[in-house]
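K.L.:
3D, please:
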Amino acid sequence: MSNEVTVPLLPCASIDDTVAFYEVLGFQSTYRQRKPNPYAAMQREDLYLHFFEMAGFDPAQSYSSCLVLTPDISGLHRAFAAGMRAAYGKVLVSGTPRMTRPRPRKNYDGVTGFSVIDPGGNWIRIVQHTPAAPAPSQAPAGRLEKALANAVVLADSKGDPRQAARILDSALAHPDDGDPVTYVEVLVYRAEVALVLDDPATAAEMLSRARQVPLTADETIRAAAAFENAADLL
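P.N.:
Numbering: from 1, shown residues only. Prediction:
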């Protein structure tokens, strides 16, 4: 058999809140009911997600997740970010709901991915689709690069920002003499993790330090993506 379609069915505390959030991301409601059980079907092009409401459900205790493969991860992230900016005035990077940024994932052979954590606490894990098996990623070389790779796995994949912060703080306490662009990337990511942990003071400190890193013209170009991320944080 071929042409089967699998559709994730995910829990939430409020169908109304969930539908509203996914509409911000460009989804449309293709089916919705209140009785006998609150239920909604959402669609964005070929991406289908269905939700059911549970009385007393606590999104903070959710372990529900699904994997989305896309050939254009940057384009999808930009579209989601644009929807958030239009609806909320900013990209949501802390609290629930929120969205992480596309980054290479050490635990996924270096393939780039990002996550959407919706109002129901569901992790929609979006990764770059590669028809062929991805080439093994090059192991991080410097102390900061290794710390960044490990922290991304913990915070963006496993949902453990506290441990990610510990790893980054340890590396930043004794930075190596490696690539200053990596230093900027680590500082900006530490700021993002701080916001997830509801620590805006640390986030502001890290962004200030990132702006003070001396960079050559070439390094400034390479660090552009990190500074674009920084602009969405505060």
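K.L.:
ranges for the helices of this structure?
P.N.:
Along the chain, the segments classed as helices by DSSP state H run 15-24, 73-88, 143-152, 161-173, 180-196, 200-211, 217-222, 224-231.
K.L.:
okay, the ones you listed in TSV with mean pLDDT, mean neighbour count and distance to L67 next?
P.N.:
Every residue, glycine included, has its C-beta placed from N, CA and C. Putting the helices of the chain into TSV (pLDDT from 0 to 100; neighbours: other CB atoms under 10 Å; distance: least, CB to CB, whole Å) gives the following:
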stretch	mean pLDDT	mean neighbour count	distance to L67
helix 15-24	97	19	17
helix 73-88	96	16	13
helix 143-152	92	21	17
helix 161-173	95	17	21
helix 180-196	95	24	21
helix 200-211	96	17	29
helix 217-222	94	12	30
helix 224-231	92	16	23
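K.L.:
Adding distance to F57 as columns, could you present those in CSV?
P.N.:
Below are these laid out as CSV (distance: least, CB to CB, whole Å):
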stretch, distance to F57
helix 15-24, 11
helix 73-88, 23
helix 143-152, 29
helix 161-173, 22
helix 180-196, 22
helix 200-211, 29
helix 217-222, 44
helix 224-231, 32
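K.L.:
For N122, find the nearest of those.
P.N.:
N122 lies closest to helix 15-24 among the helices of the chain, at 8.7 Å (CB to CB).
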